[in-house]
Structures are given as structure tokens and as C-alpha cells.
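Peer 1: Structure, please.
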Amino acid sequence: MKTILAIAAVIAIYSCAPPRELEAEMVNAELIRIDTVFRNQDPQQILTWRDDYNIHYVTYATMNRNYSVGNRMLVLVKK
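Peer 2: Below you'll find the model as predicted:
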């Protein structure tokens, strides 16, 4: 009986929370810088992007992918 009441209480608490939605947009950005770091003992690339409004974005990439500075790509950005 206690188990059923505990489950009902958890369901009641989580049912009051509003649903979460991720809002994101695609931004055309230019690659301006490539750095190499060791993250979790694996070398990775840090890619720095700049969009048309001069906002910088940072992404991580594996070392087996090749990127060139100056490339323009679509980057998914959280609103």
C-alpha cells in the first residue's frame, strides 16, 4: 500500500511540471578558429564560429574530421 501511495505521489508531483521544449534555430556561421585540447584524455578540436551578428559559438569535434578556417556552415543554436 505504501508503494502505491509513493508512486501516486511521484506521479502527482511530476504531472504539475510544464512540458519542456527545446527551441533552437539554424545559424549560418563562419569558422574562425581551431584549437586542440585534451578532453577526457582524448584529443579533440574546439571550433569557434562567428555569425553575421558577430556572435561567437564554440563546438567540439573529433580529431578525425578535417575543417578549414573560413568555411561557412549551418550551426544549430539554442534560442
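Peer 1: which one's the longest strand in this protein?
Peer 2: strand 24-39 (DSSP state E).
Peer 1: Identify the residues contacting that strand?
Peer 2: For strand 24-39, the surrounding residues in contact (C-beta atoms under 8 Å, 6 or more residues apart in numbering) are 43-52, 56-57, 60, 63, 67-79. Quick note: C-beta positions are derived from backbone N, CA and C, even for glycine.
Peer 1: Which other helices and strands does the very next helix or strand once past that strand contact?
Peer 2: Later in the chain than strand 24-39, the nearest helix or strand by DSSP states H and E is strand 42-51. Other elements packing on strand 42-51 under the criterion 3 or more C-beta pairs under 8 Å, 6 or more residues apart in numbering; DSSP states H and E are strand 24-39, strand 56-62, strand 72-78.
Peer 1: in strand 42-51, what counts as buried?
Peer 2: 45, 47-49 (16 or more other C-beta atoms under 10 Å).
Peer 1: related to what we said a few turns ago, K2: which of the helices and strands packed on strand 42-51 is closest?
Peer 2: Across these, K2 has its closest neighbour in strand 72-78 (41.5 Å, C-beta to C-beta).
Peer 1: from the chain's centre, how far out does that closest one sit?
Peer 2: Between the centre of strand 72-78 and the centre of its chain there are 11 Å (C-alpha atoms, centre = their mean, to the nearest Å).
Peer 1: any idea of the angle it forms with strand 42-51?
Peer 2: If you take axes from the mean of the first three to the mean of the last three C-alpha atoms, to 10 degrees, strand 72-78 sits at 100 degrees to strand 42-51.
Peer 1: neighbouring strands for strand 72-78, and are they parallel or not?
Peer 2: Here strand 72-78 has these sheet partners by DSSP bridges: strand 24-39 (antiparallel).
Peer 1: which parts of the partner strand are buried?
Peer 2: Of the residues in strand 24-39, those buried (16+ other C-beta under 10 Å) are 27, 29, 31.
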